[in-house]
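[1] next input, structure requested:
(one chain, ligands or ions: 1)
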Amino acid sequence: MTLSVTQRIELSPSSSCNTKLADDPWAFDLQPGYGPGSSEADPIPDATTRPGQLPQAYQEMSQQQLHERIRRAKATLAEKLVILGHFYQRDEVVQHADFLGDSYQLAKAALSKPEAEHIVFCGVHFMAETADILSEEHQQVILPNLAAGCSMADMADEDSVEAAWEDICEVYGVDPEHVEPGADGKLPILPVTYMNSSAALKAFCGRHGGIVCTSSNATTVLEWAFERAHRVLFFPDQHLGRNTAKAMGVPLEQMPMWNPRRTLGGNTAEDLQQAKVLLWHGFCSVHKRFNVRQIEKAREEYPGCRVIVHPESPMPVVDAADAAGSTDAIRKYVAASSPGDVIAIGTEINLVNRLTSEYPDRTIFCLDPVICPCSTMYRIHPGYLAWVLDEIVEGRTPNQIIVPEDVAEPARVALDRMLAAAPK
Ligand code: SF4
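    Residues are numbered from 1 along each chain as shown. So this is what the prediction gives:
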């Protein structure tokens, strides 16, 4: 697949949701932030490699020099290399990707290239972990900047989820290590994790009869879960859980929030007995920015315009929109529109801008007037990509993401359940 993306988002302190985004990412990376710690199961392979430690020479190269180096390294490594670019990745990086997609599509794309020994994942940490779990033994997964994490994934850590599980199981009077089905053959509860979570949490789901979901298949996965259990603990994204369950007819009163910092998540034992879906107190900082007023404004300015949002957006936004769907569904929605149509989109700005470029005969714009990229994915800069590729050419493996087999194996169980779950 050849991509010809040339557009670049220009960020300035006044136009961006975070003034730091106008700087080069190595300045941004020096703050304490995200990184390998987004999964406790993931060891840091090379303790000398730390976020923000891009060699000085790469920090000083011009864009042109960086792109030339990337192209040269790609030509040298040829079929031994595959570069994956997420839909939310910046265009300067995406132009070098062999595949562009969402996290799950990209992990599957890597599988289609067994000859590629080096999988360079231009996304965020949990995506590289998933690729490592699904890849073959001879393949190495590399994240160009270890500081590229996901703020949502970091909102649910393994210790907090384990502690919540114990408290919840105590309310239901079951052993947290061996939750057994009741007389009706159903479990009192099972865990569902969004793909945007650490490998440790996917493994937790695998060990406890649970499953993984994506934003494309969340309905199918919840149907699978309700066939086997009376309730679901859904993490880390409250909004995807709420929007999906609500569309399936689960009343809001039966979807209490679980706040890990409060006793019983901030609920009474009675609330938990009545619950159908326990929603973890997590969210995406990008999609949380969308609001109903933005939709109203878009409709005032463009009467007849259609609005599609990602289901990580808050419920009132999804309710006010004409449609909601995953990144892939948003792309298909735009592809199915006609010249002259006006479409307002509620998702990350890199994807929206790319659609704007691909369909110049339509008016396509982001609901949020202030540019708000995924600030953690933004940390993959061409400088990091050039550096890791040069290292690979020299026979070294920088920033390898390794999920230990005792975590990968149960995580694979939860991923396989997702693959086997068929839509109704
Ligand atoms: S857009 Fe939100 S959920 Fe997606 S990687 Fe960025 S912070 Fe995480």
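
[2] would you confirm that Thr356 contacts Ile345?
    No. Applying Cβ atoms under 8 Å, one finds Thr356 not in contact with Ile345, separated by 9.2 Å. C-beta: built from backbone N, CA, C; applies to glycine.

[3] so between these two, which is more surrounded?
    Ile345 (26 against 19; other Cβ atoms under 10 Å).

[4] rewinding a little: and for Thr356 and Ile345, which residues touch both?
    364-365 (Cβ atoms under 8 Å, 6 or more residues apart in numbering).

[5] I'd like to know how many residues surround the nearest residue to Leu143 once chain neighbours are set aside.
    Nearest residue to Leu143, sequence neighbours excluded (Cβ to Cβ, 6 or more residues apart in numbering): Ala128, at 4.3 Å. When counting by other Cβ under 10 Å, one arrives at 32 neighbours for Ala128.

[6] three-state assignment of Ala128?
    Here Ala128 is recorded as helix under DSSP: H, G, I helix; E, B strand; the rest coil.

[7] is it true that it touches Val120?
    No. Ala128 lies out of contact with Val120 (Cβ under 8 Å); the separation is 9.2 Å.

[8] intersection of neighbour lists for those two?
    Ile142.

[9] and the closest residue to the ligand within the stretch 51-200 of the chain, what are its phi and psi?
    Using Cβ to the nearest ligand atom, the closest approach of the stretch 51-200 of the chain to the ligand is made by Cys150 at 3.3 Å. When read as degrees, to the nearest 10, the backbone of Cys150 gives phi -140, psi 120.

[10] just give the closest residue to it, not the sequence neighbours.
    Spatially, and ignoring its direct neighbours in sequence, Cys150 is nearest to Val124 (4.6 Å; Cβ to Cβ, 6+ apart).

[11] residue boundaries of the strands in the stretch 1-150 of the chain?
    If DSSP state E, counting those that start in this stretch is used as the criterion, the strands of the stretch 1-150 of the chain fall at 81-86, 99-101, 118-122, 140-142.

[12] list the residues that contact the nearest residue to Pro176 once chain neighbours are set aside.
    Spatial nearest neighbour of Pro176, excluding adjacent residues (Cβ to Cβ, 6+ apart): Cys169 at 4.0 Å. Neighbour list for Cys169: 175-176, 179, 188-189 [criterion: Cβ under 8 Å, 6+ apart].

[13] quick check: the gap between Cys169 and Trp387.
    Distance of Cys169 to Trp387, given as Cβ to Cβ, to the nearest Å: 46 Å.

[14] repeat for Arg396
    For Arg396 relative to Trp387 (Cβ to Cβ), the value is 11 Å.

[15] tell me which of those two has more neighbours.
    Counting neighbours by other Cβ under 10 Å for Arg396 and for Trp387 shows that Trp387 has the greater number, 26 against 11.

[16] from the structure, what's the count of residues near the closest residue to that one other than its chain neighbours?
    Nearest residue to Trp387 in three dimensions, chain neighbours excluded: Tyr58, at 4.8 Å (Cβ to Cβ, 6+ apart). Neighbour count of Tyr58, defined by other Cβ under 10 Å: 20.

[17] and for Thr268?
    Neighbour count of Thr268, defined by other Cβ under 10 Å: 12.

[18] could you measure from it over to Val277?
    17 Å.

[19] Arg261: neighbour count?
    For Arg261, using other Cβ under 10 Å, the count is 8.
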